[in-house]
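Colleague: One predicted model, sequence on top.
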Amino acid sequence: MFSYFFKLKNFDKNFKIFLPISLFLFFVFLLISIKLIIDSPQDYQQGNAVKIMYIHVPSAWMSLLIYSIIALLNISAFIWKNPFFYIISRALALVGCVFAFLTLITGSLWGKPIWGAWWVWDARLTSMLLLFFLYLGYLILMESFDDKNKGEKISAIVSIVGFINVPIIKFSVEYWNSLHQKSSILRSGGIAIHQSMLQPLISMFFVYLFYTIFICLIKIKNELINKKLSKKHYTKSHL
């Protein structure tokens, strides 16, 4: 199953299947999420500002998930020598970078009314900012070398080393003093958030997930088309 989805020769078939499915599910969950967010209650301390959480928290989840997948894909590329892993990683990296940026922006918008400050240099915020720069660095390195193979390998190494930041982000509020609240979803005593708030969070996560799949499929398809066009141009120019 793993090898089937990550073989370049199977991509066109998978593209035709998963592109419409991902787009359909994106809109389904988007409509569900809008309804759930409208119906969700205000927080007794934060008021309506708590609804920023429905954008902020799933964005943070996705930025961490995507970076973890990129690191795994790049490790796999070194092991199995499959260049398709690099193409997928590049497509994912741009989306992950957007989610990391969205996490920082919505975190600031949420933090101002709650903490009284747009930004504080605590462990969670600083490590998330570092993740954003890791995404940027990965994307820049990919395009900084005339030798694309060299650029892919160097950026892959950076992404793998940078993965150490993912558990730091996750556990930063547990091990360092932080203004950022501790986990509101899962704690030692179980789920620590009411269903009326948990449901839109989960639904928005699926909105972002299917959006990511849809955008990445298009980006991969475009890159493969550009590679074919470049190869044809190179061949004609050397006839």
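Modeller: Noted; the coordinates are in hand.

Colleague: use CA for all of it now, contacts and neighbours both
Modeller: OK.

Colleague: now the helices for this structure?
Modeller: Assigned helices in the chain, in chain order: 2-5, 11-39, 53-80, 84-115, 123-142, 148-162, 165-175, 195-237 (criterion: DSSP state H).

Colleague: would TSV of those helices with mean neighbour count be doable?
Modeller: What follows is the helices of the chain, written out as TSV (neighbours: other CA atoms under 10 Å):
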stretch	mean neighbour count
helix 2-5	9
helix 11-39	15
helix 53-80	20
helix 84-115	20
helix 123-142	20
helix 148-162	18
helix 165-175	16
helix 195-237	17
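
Colleague: Quick check: which of the ones you listed is nearest to residue 45?
Modeller: helix 84-115 (8.8 Å; CA to CA).

Colleague: so for that closest one, what's the average pLDDT?
Modeller: For helix 84-115, mean pLDDT is 93.

Colleague: I'd like to know which elements that helix is packed against.
Modeller: The contact analysis (3 or more CA pairs under 8 Å, 6 or more residues apart in numbering; DSSP states H and E) places helix 84-115 against helix 53-80, helix 123-142, helix 195-237.

Colleague: coming back round to it: can you list the helices of the chain in CSV and add distance to residue 46?
Modeller: Conversion of the helices of the chain to CSV gives the following (distance: least, CA to CA, whole Å):
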stretch, distance to residue 46
helix 2-5, 44
helix 11-39, 15
helix 53-80, 11
helix 84-115, 7
helix 123-142, 20
helix 148-162, 34
helix 165-175, 20
helix 195-237, 13
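
Colleague: Averaging pLDDT per element, find the lowest-scoring helix or strand in this protein.
Modeller: Every helix and strand in the chain was compared by mean pLDDT, DSSP states H and E; the lowest is strand 186-187, with a mean of 58.

Colleague: that older thread, out of the helices of the chain, which gets nearest to residue 47?
Modeller: Between the helices of the chain, helix 84-115 lies closest to residue 47; by CA to CA that is 10.0 Å.

Colleague: For residue 119, see how far away residue 113 is.
Modeller: Distance, residue 113 to residue 119, using CA to CA, to the nearest Å: 11 Å.

Colleague: quick revisit: hey, least reliable of the helices of the chain by pLDDT?
Modeller: For the helices of the chain, the weakest mean pLDDT is recorded on helix 2-5, namely a mean of 62.

Colleague: How about the contacts made by residue 103?
Modeller: Residue 103 makes contact with 55, 56, 57, 59, 60, according to CA atoms under 8 Å, 6 or more residues apart in numbering.

Colleague: Pretty sure residue 99 is one of the things the fourth one touches, is it not?
Modeller: Put plainly, it is residue 59. Yes: when contacts are counted by CA atoms under 8 Å, residue 59 is listed as touching residue 99 (5.1 Å).

Colleague: Sounds good, over and out.
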